[in-house]
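Q: Below are the sequence and a predicted model for it; my questions follow.
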Amino acid sequence: IEVVSYDGKVGTVNLKAEGSQSAQCDGAQFENQENAITIENDQGCGLSKYDYTVRYCPDQDSLIVNLMKPFNVRVVLNSKLCPAGEV
């Protein structure tokens, strides 16, 4: 998950799933309500076979992705600085 833009409530992300069932979605819109992240338009980019939830954990500055389908796994994505020249 790469956050492209965010204004405190809504934003845009690029999503990428790698592995046996890969998919990519650039420019998906999301909304943050009480740290529950809802990604709006991810169905048209190969992510429809995935069922997942995303929560933001502000005290650790990380995202928690809870994948329910096609696998049951929970992944913590820690925030990192963008490379020089990227925003």
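A: Structure received. Numbers count the residues shown, from 1 in each chain.
Q: Which strands or helices does the longest strand anywhere in the chain pack on?
A: If you go by DSSP state E, the chain has its longest strand at strand 23-33. Secondary-structure packing of strand 23-33 (3 or more Cβ pairs under 8 Å, 6 or more residues apart in numbering; DSSP states H and E): strand 10-17, strand 36-39. Any C-beta I mention is one placed from the backbone N, CA and C, and that applies to glycine too.
Q: Mean pLDDT and distance to residue 55 added to those strands, as CSV?
A: Formatted as CSV, the helices and strands packed on strand 23-33 follow (pLDDT from 0 to 100; distance: least, Cβ to Cβ, whole Å):
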stretch, mean pLDDT, distance to residue 55
strand 10-17, 88, 14
strand 36-39, 88, 6
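Q: now, of those, which is deepest in the fold?
A: Highest mean neighbour count of the helices and strands packed on strand 23-33: strand 10-17, a mean of 17 (counted as mean count of other Cβ atoms under 10 Å).
Q: what's in contact with that strand?
A: By Cβ atoms under 8 Å, 6 or more residues apart in numbering, the residues outside strand 10-17 that reach it are 1-6, 22-32, 39, 42, 45-47, 50.
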